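Asker: model the following, please.
(one chain, ligands or ions: 1)
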Amino acid sequence: MATIFEMIINGDIPSTKLYEDDKCLVILDINPINYGHALVISKTVYPTFTDCPAETLSHMMEIAKRVDKKQREALGAEGTNIIINNSPASGQEVPHLHIHVIPRFKDDGKTAFIQKEKYEGDGLSAMGAKLCL
Ligand code: AMP
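Answerer: Now for the predicted structure:
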């Protein structure tokens, strides 16, 4: 079954399109964290970030930078959150790669969405050893 973003790419359902090229599409998120929240969506369906070739990811990040610049210029955004939810456990709802570009403002009242932990004992160095590439 087609993802909601495929339906948008195919023109089967409407969207507010900000940009398009052969590799990606940029639209406004219909349920924004802040107004102007945009999504950079791959034209090819990659279910997760992990599935996407580096060249396409790199291109999409360049486009995300342009969206960030525009949000700062046009909306006065003082910062942005650039987020990829990667697999359902991380909160990914649509299994089709997309980068969230969320305009942020000082004191905009949006709370942090990830609660931080503290390492106990030698947990930090043990984790470093486990994840060393
Ligand atoms: P994620 O949880 O990372 O998969 O994010 C999916 C995002 O897609 C959510 O922020 C939704 O608000 C957004 N979304 C879902 N349907 C649409 C749609 N038809 N047009 C624009 N954004 C959408």
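Asker: please make it C-alpha for all contacts and neighbour counts, starting now.
Answerer: OK.
Asker: how about the residues of the protein by the ligand?
Answerer: Residues of the chain lying close to the ligand by Cα under 6 Å from any ligand atom are 15, 28-31, 85, 91-94.
Asker: low-confidence stretches in the protein?
Answerer: 112-113 (pLDDT under 70).
Asker: which strands and helices sit next to the longest helix along the chain?
Answerer: Looking across the chain with DSSP state H, the single longest helix is helix 54-75. Using 3 or more Cα pairs under 8 Å, 6 or more residues apart in numbering; DSSP states H and E as the contact test, the elements touching helix 54-75 are strand 38-42, strand 79-83, strand 98-104.
Asker: and residue 17, backbone torsions?
Answerer: Dihedral pair for residue 17: phi -90, psi 130, per degrees, to the nearest 10.
Asker: which SS state does the residue lying closest to it once chain neighbours are set aside fall under?
Answerer: In space, residue 17 comes closest to residue 27 once its chain neighbours are excluded; the distance is 4.4 Å by Cα to Cα, 6 or more residues apart in numbering. The assignment at residue 27 comes out as strand when based on DSSP: H, G, I helix; E, B strand; the rest coil.
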